[in-house]
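1. dropping a prediction and its sequence here:
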Number of protein chains: 8
Amino acid sequence: IRSGFAEVIFCARKADEHLLKIFTRLYEQDGEVFGTRASEHQYELICEKFPEVVYDPLSHILKIEKKDKKRIGKIAVCTAGTADISVAEEAAQTAEYFGANVERIYDVGVSGIHRLLSRLDTIQSANCVVAVAGMEGALASVLGGLVDKPVIAVPTSVGYGASMNGLSALLTMINSCANGIAVVNIDNGYGAGYIATQINRMGVHQDE
Amino acid sequence: IRSGFAEVIFCARKADEHLLKIFTRLYEQDGEVFGTRASEHQYELICEKFPEVVYDPLSHILKIEKKDKKRIGKIAVCTAGTADISVAEEAAQTAEYFGANVERIYDVGVSGIHRLLSRLDTIQSANCVVAVAGMEGALASVLGGLVDKPVIAVPTSVGYGASMNGLSALLTMINSCANGIAVVNIDNGYGAGYIATQINRMGVHQDE
Amino acid sequence: IRSGFAEVIFCARKADEHLLKIFTRLYEQDGEVFGTRASEHQYELICEKFPEVVYDPLSHILKIEKKDKKRIGKIAVCTAGTADISVAEEAAQTAEYFGANVERIYDVGVSGIHRLLSRLDTIQSANCVVAVAGMEGALASVLGGLVDKPVIAVPTSVGYGASMNGLSALLTMINSCANGIAVVNIDNGYGAGYIATQINRMGVHQDE
Amino acid sequence: IRSGFAEVIFCARKADEHLLKIFTRLYEQDGEVFGTRASEHQYELICEKFPEVVYDPLSHILKIEKKDKKRIGKIAVCTAGTADISVAEEAAQTAEYFGANVERIYDVGVSGIHRLLSRLDTIQSANCVVAVAGMEGALASVLGGLVDKPVIAVPTSVGYGASMNGLSALLTMINSCANGIAVVNIDNGYGAGYIATQINRMGVHQDE
Amino acid sequence: IRSGFAEVIFCARKADEHLLKIFTRLYEQDGEVFGTRASEHQYELICEKFPEVVYDPLSHILKIEKKDKKRIGKIAVCTAGTADISVAEEAAQTAEYFGANVERIYDVGVSGIHRLLSRLDTIQSANCVVAVAGMEGALASVLGGLVDKPVIAVPTSVGYGASMNGLSALLTMINSCANGIAVVNIDNGYGAGYIATQINRMGVHQDE
Amino acid sequence: IRSGFAEVIFCARKADEHLLKIFTRLYEQDGEVFGTRASEHQYELICEKFPEVVYDPLSHILKIEKKDKKRIGKIAVCTAGTADISVAEEAAQTAEYFGANVERIYDVGVSGIHRLLSRLDTIQSANCVVAVAGMEGALASVLGGLVDKPVIAVPTSVGYGASMNGLSALLTMINSCANGIAVVNIDNGYGAGYIATQINRMGVHQDE
Amino acid sequence: IRSGFAEVIFCARKADEHLLKIFTRLYEQDGEVFGTRASEHQYELICEKFPEVVYDPLSHILKIEKKDKKRIGKIAVCTAGTADISVAEEAAQTAEYFGANVERIYDVGVSGIHRLLSRLDTIQSANCVVAVAGMEGALASVLGGLVDKPVIAVPTSVGYGASMNGLSALLTMINSCANGIAVVNIDNGYGAGYIATQINRMGVHQDE
Amino acid sequence: IRSGFAEVIFCARKADEHLLKIFTRLYEQDGEVFGTRASEHQYELICEKFPEVVYDPLSHILKIEKKDKKRIGKIAVCTAGTADISVAEEAAQTAEYFGANVERIYDVGVSGIHRLLSRLDTIQSANCVVAVAGMEGALASVLGGLVDKPVIAVPTSVGYGASMNGLSALLTMINSCANGIAVVNIDNGYGAGYIATQINRMGVHQDE
Ligand SMILES: Nc1ncnc2c1ncn2[C@@H]1O[C@H](COP(=O)(O)O)[C@@H](O)[C@H]1O
Ligand SMILES: Nc1ncnc2c1ncn2[C@@H]1O[C@H](COP(=O)(O)O)[C@@H](O)[C@H]1O
Ligand SMILES: Nc1ncnc2c1ncn2[C@@H]1O[C@H](COP(=O)(O)O)[C@@H](O)[C@H]1O
Ligand SMILES: Nc1ncnc2c1ncn2[C@@H]1O[C@H](COP(=O)(O)O)[C@@H](O)[C@H]1O
Ligand SMILES: [Mg+2]
Ligand SMILES: [Mg+2]
Ligand SMILES: [Mg+2]
Ligand SMILES: [Mg+2]
Ligand SMILES: [Mg+2]
Ligand SMILES: [Mg+2]
Ligand SMILES: [Mg+2]
Ligand SMILES: [Mg+2]
C-alpha cells in the first residue's frame, strides 16, 4: 500500500452480505481488518465466520488485528468530558491500528482547567494532539495555546439544545484563535486518528 | 427611580433632533446622562449645547456624569483579545456609571491560559465576572470553572469567516458546560454591565 | 467544597456501571447525591442499592437529600406554559437542593398577561427570577421589564414548526430589550437553578 | 379596480426613467399615485415633473393623493420601540391611502408593559391590529392575548447581534402561542397595511 | 366568552390525568370540547368517560360538539397536495367548530395550475382563504394574486431534503410578492382556522 | 473547442492588468470575447484598447461579438418581476452568444398568473425554459407544471427581509414538486444560459 | 399523455386504501404503474391484488412494467460512494421506465479520482449525466469539467456531522464552478431521472 | 521562543498608535516582523518609521524579514481559482517566513482536473499540502485522495449566492470523505501556513 495505510471499512449502513464480502476480501488481502461504526449485529454476523474478531461497543470498532505489531512515536488523545470518550476511542484505536503509540488523557475539559494543566507534560511530549470535545468545544483552543505540535480538533455531537448536534463545537474549533489547530468533521474520530498518524510518523522518524 | 437605575440612551439610529430632546430631558431630570453607541457626529451635536459632555471613541459612550459618585463592591471585566476591549469598556463604564467598582483584566484569552491564571486572585475576589470574547468565545467556560460567582458572558462580533459576526461565540458560551454562566446578546456590553451591577449590589450589601 | 456547591451527576448517556460508581462515591463523600436527566431505568438501578433514593419523573431528578437542610432567600421560577414545567422543576429543585427557597409561578405566559400581573408581588419579592418559556419565549422580556432583580432566562424545546427545538425561544431571549436578563442553554434548568442560587445567596446575606 | 386597491409602485431599485414612466402612467390612470421605499433622489426626480408630490423621509413613501378621500373603520398600528416607527408608518400610510382610519400607538414594547396596557381601550376598539417590533418581537404575542380581532405582526430589522436583521423577531412572531396572529415579511409595512385594510373593510361594512 | 371563541385543548404532550381533568372541566363549562393534536391513545382515554367523543385520525382532532350549531359565511381551505390535507383539516374543523362554513378545495398545487383555476369561483366567493402547502409552498402566492380577500398561509412539514421540515415553505410564503397574505407557523392549522374565523365573522356580518 | 463553447471571462474581482491580458488573449484566439459581471470601469479599460467592445449596464456583460453568427432553436427566458431582468439578461445574452435564439418573457410572476398564461404558447414552443425569480421564487414550479421541456431555475437575490439574499428563492425552487426542474446558483444567469444552450442544441438538431 | 411521461405514484405517507385505489386506477389506464418511495408493507399490500408487481428494496421502487418497451439514447448515472446507490437507482430506474438506456457508473467518488477517469469514455458518450453524491458532493464539479453534456446533480443525505442530511452536498453542487450543471433536491433520484430523460430524448432524436 | 515561531501581528482593526507600538516592540525583540491583513494605510504608517518594510497588496502581508534565512522541506500550496490566490499567498508567505520552502500550484480547480493531475509529482513530493478553494471547495477532497501527506484545507470567501461567504466551501471540506484532511477557518491562510510549517518541520528533520 503506497500510502502506508490499509483500507478500512466504514460499517454503518452496509448491508450484511456486502459487509461480509468486503471483510473477507480485506482479511484475505491484509491478514487483518479494521472496521468503524459497526453495530452489535454486525459483530455477530462477522463473528460467525471470523470468531477471532474483536468488537468494542464503546468505539464501535470491529477488528482482527495482527499480533505484535510495532507502535512508534506518540499521539495524545484528549477529551473534554466522559461522553466524548467513544469518539476519542475511535481516534485512538485507529491510530494504534496504523502503528502509533497513543496516550489517553480523558475528561480534562476547560471548566476544570487544573486537571488539564496537571497532565501537560504528557501532552506536550506527543508529536500530535487530538482534542475531542462537544458542547462548547473550548478544549482545542486551550490545547492549541499550550502545545507546539499540531492539534487536530474533533467536535462531538455530545450536548443538547444549542449544541445543534455538534455544529456549535465545530464552529468554536474552526474559529479558534490559537495557533496550530485544524478541524475534522463532527464525531470523526477515524479521520483525526488517520491524519494524526500521518503527522506522528513524520515526528517519529525525526527522532531516530 | 424604583429600580435604582437611571434611564439610559441607546444613541444608534436616533435622529439628531430626537437625540437632543431626550438628552436634554434626562439632563434636566437626573443632572447626569449616559448614552451608548454614540457616533462622533452625535458627540459634536450634544457638545454644542452641553460642552461638559464626555465622549469615549473606543466604547462609543457619551456622558455627563456627576462628580464624586460613590462606587461599591467589585466587578471583574475580562476580555479574550484586544479587539474585544470596546465591548468590554461599554460593560465596564456602564457598571461604573451605575455605581460599581470595576477591575479590568484584558487580553487574557484561552490560547495563552497562563496570562489568565496569573490574574486569578483579582478575578476571584469580584462579586461578578463579565467575560467578553469573540472568535471561539472559550473564555467564559474557563472562567466559569475558576470562579464561584456568577459569570456574565458577552459574545463579540470580533472575528472573521465562520465567526459569523459573533454567532459562533454566542453558541460557544450558551453551550458552556461550566457552572454559573449566563449569556447576553452579541456586543451587548451595556446589558452585561447592567445585570452585573444588579448582582454586585447584592454582594456588596452582604459585606456591610 | 470551596464553591459551596456539591458535585452533581448529569445522568444522561451514562452507562449503568459508571453511574452506580459515581453515585456511590458522591454518597460516601457528601451523604447526599443529586442527579439530573435520569431515566426510569436509572432510578431502578440506583434504587436497588440505595432504596431511599427519590425520583421525580417530571423533572427527571434522582436524589438522596439530607433531612432538615436550611433554605434561605427566595427565587421565583416562572413558566409560560404547562409544558415548560419539567424544565422549571429541574431549575427549582436544583436551587432547593443547593439551599434556596423557591416560589413556583407556572403557566403565566404572555398571551394571557393578566395571570402574570396578578402574581407580580410574589415575583418582585424574589432575589432572582428564572423565566422558563418555549415557543416564542416572550416571558423573559416581560418579566425583565417588571422586576429589578436579575432574570435568568431558560428557553425550552417546547413548540413545533419554526420553534426549531428551542432555538427560536433562545433567540427571542438573547435579543430581549429589557434590562437585567441573561440566558442559559435550551432546556438547561439545572444551569439556571445554579446561577440563580449564586445570586440568591448574595441577596440573602444582604438582608441579615 | 376589481380588488378595490390601486396599483402601487415599489420604488426601490427602479431606474429613474422607468420610475418616471410608471409614475406618470399611474397618475394619468388614477389621478393619484402611491410609491413605497422611495429615496430622496427619487423624490427630486418626480418633483420636477409633479411638484405636488409629497415625500416622507421616515416611511420613504412618495405620493400624490386626492383631496378629501373618505376613511372608514379603524386599524391600530402599534410599535415596540421608536426605531420601529419607520416601518409602522409604511403600514399606517398604506392603510390610510387605501381608505382606513389609523390609530398610532407607538413605543409600547413589552419591556414596559404598563404603557401598553394604558392604551388598551384604543387598541381593542380597532377592527385589526398591526404589531410592529424588532429585537425579540414579543409585542405581537402580548397583543394577541389582549385583543379579539386579527393581529398582523410585522417583524423589523431593528436590533443587532443575534437579531439577525429581523429573523429572530420573525421566528418569535411565527411561534406565538397567542390566538389570532399572522405574520408578514421583515420590514414589510406595506404588506401589513394592505391586509389590515382588507380586514378593516369587512369590519366597517359590518357596522353600517 | 368575550372573544367569542371557546377554550381549546392542545392535547400533545399532555399527561393522561391532566388531559382528562381539563377535558372534564371544559365539558362541564361549555357542554362541548375541542382538542387538537390528540393521539389514538388519548381518544381511548377520553372515550371511556365520554363515549360520545369523536376522533378524526387524519386531523388528530378529538371533540364533543353540540348539535345544530349554526354556521355562517364562508372560508375556503385549499391545499397544494394530498399530504397537506391533515393540516388543512385541522384548519377546516377548527373554523367549523367556531361557527364558519368551510369549502374544501384540496390538491390544487401550482404544478398543475389548471386544477386550481377551475375552482376559482368558489375560492373567490369566500371571506377568507386558507392556503396550506409544503415543499415549495407556492400556492399562497398564486392564490394571493387571484383573490381580493385575506389569504392565511400555512406552511406544512410535508416534503424531504431541503424542505427542512417546512422551513422552506415558510420562507416562500413570508417572501410572497402577492398582496393580502399573512403566515402562521408550520403545520399550524389550528391557528389559521382561528384567525380565518375572526375575519369570516366580519365579512359575514357585513352582508346581513 | 471540443465542447463547442468558447472560454468566457468572469470579470468580477479581476485586476485591470489581469483582465486586459486575458481579454486580449481570448480576442486573439477566438476573434470575439464574452465577459460577465463587468463594471463600468472595466468597460472603459477595455474600450481604450478595443473601441468596438460593447457593454450592457443592465446585465453587466462586456463583449466583442462576431457579426452574422447563426442562431438556432429556441430558449424561453422568463422572469417573475422587473428586478429579475438583469439576471435574466445575463442568461439570455449568454445563450445568444453561444448561438441560441432566445425569447424573452419578462414580469410574468405568479402573483398575476394570467399574464403568464397569456404567453404560454411561446414558452411551450421552446426547447428549454429558464425561470428567473427572487422573493418567493414560485415561478419555476408553475412553469414546470405547464411545459414538457426542461426548466432551468435561477433564484435571484431580489427581495428583502426573509428573502436572505436569494436563499429563500433557492430553497423554493429546489423543493419544487413539479417535474422537469433543476436549479443553478443564486443570480447565476450565466450558468443557466450555458446549460440551456447545451439542451437547446440537442433539441435543435433533432428537428433538422 | 401530452408530455410523453406517465403519471407516477409517490408512495411515501400514502394510506393503504388510497394507494391501492390510485395504483388500480393507473394500472387500468396505462397497463403499467411506477411507484417511488414504497415500503415493504406497501409492496405486500399491492402484491395481494397485483401478484406481478415487482419491488426493489434498494431503490424502494414498486412497479408493474410492460414487456419489451423500447429504450433509446444513453444516460450515465454516476455515484460517489456505495451508500449513494439507492438514490442513484431511483434515478436510473425512473429513466429506464420512461424509455432511456442507462449506464451505471457507481463508486467513482473524487477521493479516488482515477476510478472515475478510467470510466470517462462511457460517461462522455451519454446525452446526459446524473451525478449522485453525499458528504462533500464534489463529484458533480469534477464531472461538469469532464463532459460537454448537461450534468444533473443529486445531493444525497449520506454522511454525518456537518453533512446536515445532505444540505452540505446541496450547497457544494449549487456552488459548482464547472459549466453545465444544475441541481435537484436532496435524495431526489426521481426528479433527476425525469429531467435526464427529457434531455436524453432530445439528444436521441438528434441522431436519428 | 519555545515554539520556534515568532509572534505575528494581526493588523486588521488595530489602531495606528497601537500597531506602531507593537511593530516597534517586535522589531526590537526579533530584528524582523511579520504582519497579516495590513491595509495600504498601515503600510504607509509603518513605512515612515521603518522604510525597509515590504508590503504585498495581494496577500496584505506587511513585513521586515532578515536576509538569508534558511528554508527547509517543502509545502505545496494549491488553489482552485485565481481569486483564491490572495489567501494562498497569506499561507505561503507565512510558511516561508517561518522557514519552509513553498511550491505554489495555482488555478488547478476540479472543474479542469487535468491541470491538477499534470502537477501531481510536485504536489506529492511535499511534506504537507495546503488546499485553498472557495465556491464548492472540492479541491481538498481530490487532493486528499491523491497524496499521502496531511492536507490542510482552507475554504475561501470567494464566490457568490449560496457560497455564503465561504460557509459552503467550509462544509464541503469538513465533510470530505478523503483521508488525511483537516480544515481551518474561512480565509485563514495564516493558520494553514502555521500548522503546515509545524508538519513540514517534522517531515524535514526526518530526512536529515
Ligand atoms: N414596501 C413594499 N413591500 C413589499 N411589496 C410592495 C411594497 N410596495 C409595493 N409592493 C408591491 O409591489 C408591487 C409593485 O411592484 P413593482 O411592479 O416591482 O413596482 C405593488 O403592486 C405591491 O404589490
Ligand atoms: N394545534 C394547535 N396549534 C397551536 N395552538 C393550539 C393548537 N390547539 C390549541 N392551541 C392553543 O392552545 C391553547 C391550549 O393550550 P394548553 O393550555 O397548553 O392546552 C388553546 O387555547 C389554543 O390557544
Ligand atoms: N457570471 C458567471 N457566474 C458563474 N460562472 C461564470 C460566470 N461568468 C463566467 N463564469 C465561469 O467562469 C469561468 C472563467 O473564470 P475565471 O477563470 O475566473 O475568469 C468561465 O469559463 C465560466 O465557466
Ligand atoms: N491572518 C490571521 N488569521 C488568524 N490569526 C492570525 C492572523 N495573523 C495573525 N494571527 C494570530 O494573531 C496573533 C496576534 O493577534 P493580536 O495580538 O490580536 O495581534 C498572532 O500571534 C497569531 O496567532
Ligand atoms: Mg499551538
Ligand atoms: Mg463557576
Ligand atoms: Mg429588569
Ligand atoms: Mg387574540
Ligand atoms: Mg390578494
Ligand atoms: Mg414540466
Ligand atoms: Mg461541462
Ligand atoms: Mg490522503
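-> Nice, I can see it. Ligands and ions are numbered 1, 2, ... in the order given.
2. could you use CA atoms for every contact and neighbour count after this?
-> Fine.
3. distance of the residue of chain A found nearest ligand 3 from ligand 7?
-> With Cα to the nearest ligand atom, the shortest gap between chain A and ligand 3 falls at A:Ile174, namely 27.3 Å. Here A:Ile174 is placed at a distance of 36 Å from ligand 7 (Cα to the ion, to the nearest Å).
4. what of A:Asp84?
-> Here A:Asp84 is placed at a distance of 39 Å from ligand 7 (Cα to the ion).
5. now for A:Leu146, how many residues are close by?
-> Under the neighbour criterion other Cα atoms under 10 Å in any protein chain shown, A:Leu146 is assigned a count of 21.
6. next: the one 5 residues further on.
-> A count of neighbours around A:Val151, defined by other Cα under 10 Å, yields 28.
7. my guess is it contacts A:Ala126. True?
-> No - the pair A:Val151 and A:Ala126 does not pass the contact test of Cα atoms under 8 Å, sitting 10.3 Å apart.
8. hmm, A:Asn179 is touching A:Gly144, no?
-> Yes - if you go by Cα under 8 Å, A:Asn179 and A:Gly144 touch, sitting 5.9 Å apart.
9. tell me the confidence at the residue of chain A found nearest ligand 5?
-> Ranked by Cα to the ion, the top residue of chain A for proximity to ligand 5 is A:Gly144, at 3.8 Å. Reading off the confidence values, A:Gly144 has pLDDT 96.
10. any idea which element it lies in?
-> helix A:139-146 (DSSP states H and E).
11. dump that helix to PDB, keeping only the CA atoms.
-> The C-alpha coordinates for helix A:139-146 follow below in PDB (Å, rounded to 0.1, in the frame of the first residue of the first chain):
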ATOM      1  CA  LEU A 139     -10.600  22.300  24.800                       C
ATOM      2  CA  ALA A 140      -8.900  22.700  21.300                       C
ATOM      3  CA  SER A 141      -8.200  26.400  21.800                       C
ATOM      4  CA  VAL A 142      -6.600  25.800  25.300                       C
ATOM      5  CA  LEU A 143      -4.500  22.900  24.000                       C
ATOM      6  CA  GLY A 144      -3.500  25.000  20.900                       C
ATOM      7  CA  GLY A 145      -2.100  27.600  23.200                       C
ATOM      8  CA  LEU A 146      -0.200  25.100  25.400                       C
END
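12. need the longest helix for chain A.
-> When secondary structure is assigned using DSSP state H, the longest helix within chain A turns out to be helix A:189-207.
13. what's that helix packed up against?
-> Secondary-structure packing of helix A:189-207 (3 or more Cα pairs under 8 Å, 6 or more residues apart in numbering or on different chains; DSSP states H and E): strand A:72-79, helix A:85-97, strand A:100-105, strand A:128-133, strand A:151-155, strand H:181-183, helix H:189-207.
14. turn these into a markdown table, including mean pLDDT.
-> Shown next, in a markdown table, are the helices and strands packed on helix A:189-207 (pLDDT from 0 to 100):
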| stretch | mean pLDDT |
| --- | --- |
| strand A:72-79 | 98 |
| helix A:85-97 | 98 |
| strand A:100-105 | 98 |
| strand A:128-133 | 98 |
| strand A:151-155 | 98 |
| strand H:181-183 | 98 |
| helix H:189-207 | 89 |
